[in-house]
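Q: Need coordinates for the below:
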Amino acid sequence: MPDTPLTSITPTRAAEELRKVCTAFKAGELKHNEYEHKFARMIGELRDRRISGTRAEILAALEPLRIEGVVTPAEWDRFVSQLGLA
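A: Next up is the predicted model:
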């Protein structure tokens with residue numbers, strides 16, 4: 001049985017996932033180690049499946065999270081650098 005390629009993720013979906021993890025951590029729903037695990041897993045899945053669109057389109061979907069303060073500067077740097085968007 002041949003491996004089927006994974007479906008790519010839309011930039012909007014990537015932003016939703018980042019928002020969900022960061023918001024849950026800030027709300028106290030996740031302990032630090034749970035947050036780290038989910039954040040790392042999210043990055044791994046996004047790398048495996050890839051985010052569809054150009055770098056500009058991806059950053060345009062993510063930028064509101066940074067501007068609104070949903071993600072901290074450290075979370076932003078980690079996310080964009082680990083996905084090769086920096």
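Q: ok, the residue nearest the centre of the chain - contacts?
A: Nearest to the geometric centre of the chain sits residue 18, at 4.1 Å (CA atoms, centre = their mean). Residues near residue 18 by CB atoms under 8 Å, 6 or more residues apart in numbering: 42, 62, 65, 70-71, 75, 79. In this view, the C-beta of every residue, glycine as well, is placed from N, C-alpha and C.
Q: switch to 7 Å and redo it
A: Counting by CB atoms under 7 Å, 6 or more residues apart in numbering, residue 18 makes contact with 62, 65, 71, 79.
Q: Not counting sequence-adjacent ones, nearest residue to the first one?
A: Once its chain neighbours are removed from consideration, residue 62 has its nearest residue in residue 15; the separation is 5.2 Å (CB to CB, 6 or more residues apart in numbering).
Q: Quick one: neighbours of the one you found, just the number.
A: 21 (other CB atoms under 10 Å).
Q: can you check the one 5 residues further on too?
A: Burial of residue 20, expressed as a neighbour count using other CB under 10 Å, amounts to 13.
Q: Check residue 22 too.
A: Close neighbours of residue 22, defined as other CB under 10 Å, add up to 22.
Q: got it, and the one 5 residues further on?
A: Using other CB under 10 Å, residue 27 has 8 other residues around it.
Q: returning to that earlier point: wait, a helix at the residue nearest to residue 62?
A: Yes - applying DSSP: H, G, I helix; E, B strand; the rest coil, one finds residue 15 inside a helix.
Q: who's in contact with it?
A: 61-62, 65.
Q: among those residues, who's most crowded?
A: Highest count within the contacts of residue 15 by other CB under 10 Å belongs to residue 62, 24 neighbours.
Q: before we move on, which element is it in?
A: Remark: residue 62 resides in helix 55-68, with elements defined by DSSP states H and E.
Q: Report all helices and strands that that helix contacts.
A: Under the contact criterion of 3 or more CB pairs under 7 Å, 6 or more residues apart in numbering; DSSP states H and E, helix 55-68 touches helix 11-26.
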